[in-house]
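In: Provide a 3D model corresponding to the input given below.
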Amino acid sequence: MKLLADAGVRSAPVPVERIVKSRGITLQFAPLGDELSGMAYIKDGLKIIGVNALHHPNRQRFSVAHELAHHVLHVAEITEAVHVDRGFRVLHRDKVSAEGIDPLEVEANAFASELLMPATLLADAIGDAGLDLDDDEAVDALARKFKVSASAMRNRLSYSL
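Out: Below you'll find the model as predicted:
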């Protein structure tokens with residue numbers, strides 16, 4: 001992934017906040033409703049990612065990466081069309097994004113997963129011995145190394161390697 005190369009990332013965990021800031025995006029953490037993980041929008045040229053400060057740090061990292069995906073892949077969708085009360089288009093990481101039915105959300109989730117758990121870094125961390133997905137301790141240790149949830153790690157491993 002070009003973002004990782006541009007940021008000089010060679011080891012886990014991926015510094016997602018630094019990557020966001022290097023792209024001129026303002027990152028804000030604030031208490032939001034539990035069902036809302038984050039939001040992405042562009043208003044008058046100002047790029048913003050908002051993340052629920054009440055969520056677990058691993059979930060916040062995934063939300064940051066997910067919202068970054070919208071800034072990279074869905075610029076038109078977060079600057080045009082539907083405006084929400086404050087006059088900007090908002091794409092939320094919420095229950096709909098988790099259901100896997102909205103193509104934009106599916107794409108953003110895949111982007112976030114690949115950004116936080118790049119295949120090359122996963123392969124290096126796993127090594128030649130491989131990894132048994134049924135070995136909860138091994139999956140948990142790998143998740144801790146990448147600062148993601150065990151379920152996110154399991155999901156990434158199940159389709160990436």
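In: what about the strands in this protein?
Out: 26-30, 38-43, 46-52, 91-93 (DSSP state E).
In: what sits against the spatially most central residue of the chain?
Out: Taking C-alpha atoms, centre = their mean as the criterion, residue 65 is the residue nearest the geometric centre of the chain, at 2.4 Å. Residue 65 sits next to 14, 16, 111-113, 115-116 when contact means C-beta atoms under 8 Å, 6 or more residues apart in numbering. Any C-beta I mention is one placed from the backbone N, CA and C, and that applies to glycine too.
In: go on, residue 150?
Out: Residues in contact with residue 150, defined by C-beta under 8 Å, 6+ apart, are 136, 139-140, 143.
In: want to throw the strands of the chain into JSON lines with mean pLDDT, mean neighbour count and distance to residue 8?
Out: Listed next are the strands of the chain as JSON lines, based on pLDDT from 0 to 100; neighbours: other C-beta atoms under 10 Å; distance: least, C-beta to C-beta, whole Å:
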{"stretch": "strand 26-30", "mean pLDDT": "95", "mean neighbour count": "13", "distance to residue 8": "19"}
{"stretch": "strand 38-43", "mean pLDDT": "86", "mean neighbour count": "23", "distance to residue 8": "24"}
{"stretch": "strand 46-52", "mean pLDDT": "90", "mean neighbour count": "21", "distance to residue 8": "21"}
{"stretch": "strand 91-93", "mean pLDDT": "47", "mean neighbour count": "25", "distance to residue 8": "27"}
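In: now the longest helix belonging to the chain, how far from the centre of its chain.
Out: Once the chain is assigned using DSSP state H, the helix that runs over the most residues is helix 57-73. Put simply, helix 57-73 sits 3 Å off its chain's centre (C-alpha atoms, centre = their mean, to the nearest Å).
In: follow-up on the earlier one: just among the contacts of residue 150, which is most surrounded?
Out: residue 143 (20 neighbours; other C-beta atoms under 10 Å).
In: so where's this protein shaky on pLDDT?
Out: 80-100, 160-161 (pLDDT under 70).
In: do that again at 90, thanks
Out: Applying pLDDT under 90 to the chain flags residues 1-3, 32-46, 50, 74-106, 108-109, 127-134, 158-161.
In: From residue 32, how far off is residue 118?
Out: Using C-beta to C-beta, to the nearest Å, residue 118 is found at 28 Å from residue 32.
In: Looking at the contacts of residue 150, which are in helices?
Out: Under the assignment DSSP H, these contribute 136, 139-140, 143 to helices.
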